[in-house]
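[1] With the input below, show me the fold.
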Amino acid sequence: MSPNILKEYIEGDFQVTEYTRDGQSVSHTVKVPVQVQIPAGETIPVPPTFEQRLASTEEAITALLGL
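    Predicted coordinates:
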């Protein structure tokens, strides 16, 4: 029988997930750090838009074909 999630909760700076095999008792616990705030000076990269990716692909194809 594979483990199922019994309970999930936040404890301090961690997301705690308790797993069970029998549906009642905890078989094991996993704690994952949760970062609430982004540190000063750190930015989240923004992925390119579809149009930007399309333009980049077209430029690469043009360069490869020598047009």
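[2] secondary structure class for the nearest residue to residue 48 once chain neighbours are set aside?
    Using CB to CB, 6 or more residues apart in numbering and skipping the chain neighbours, the partner closest in space to residue 48 is residue 56 (7.3 Å). The C-beta positions use only the backbone N, C-alpha and C, and glycine is treated the same way. With DSSP: H, G, I helix; E, B strand; the rest coil as the basis, residue 56 sits in helix.
[3] Please tell me I have it right and residue 23 contacts residue 4.
    Yes. Contact criterion CB atoms under 8 Å: residue 23 and residue 4 qualify, at 7.2 Å.
[4] Of those two, give the one with the bigger neighbour count.
    Counted by other CB atoms under 10 Å, residue 23 and residue 4 do not tie: residue 4 has more neighbours, with 11 against 8.
[5] which element is residue 6 on?
    Assessed by DSSP states H and E, residue 6 sits inside strand 4-11.
[6] Tell me which stretches of this protein form helices.
    50-65 (DSSP state H).
[7] Pass me the low-pLDDT residue ranges in it, would you?
    The model of the chain has pLDDT under 70 over residues 1, 36, 67.
[8] still on that earlier bit, what about the residue nearest to residue 48, how many neighbours?
    Neighbours of residue 56 (other CB under 10 Å): 11.
[9] what about residue 54, how many neighbours?
    Using other CB under 10 Å, the number of residues around residue 54 comes to 11.
[10] what about residue 14, how many neighbours?
    Residues near residue 14, counting by other CB under 10 Å: 13.
[11] Give the full set of residues in contact with it.
    Residues in contact with residue 14 (CB atoms under 8 Å, 6 or more residues apart in numbering) are 31, 32, 33, 34.
[12] Distance of residue 63 relative to residue 19?
    52 Å (CB to CB, to the nearest Å).
[13] Settle it for me: which of the two has more neighbours?
    Legend: neighbour count by other CB under 10 Å for residue 63 and residue 19, higher for residue 19 (15 against 9).
[14] The more buried one: what's it in contact with?
    Applying CB under 8 Å, 6+ apart, the residues near residue 19 are 3, 4, 5, 6, 26, 27, 28, 29, 30.
[15] got a list of what the first one touches?
    Contacts for residue 3 were tallied using CB under 8 Å, 6+ apart; they are 19, 20, 21, 27, 28.
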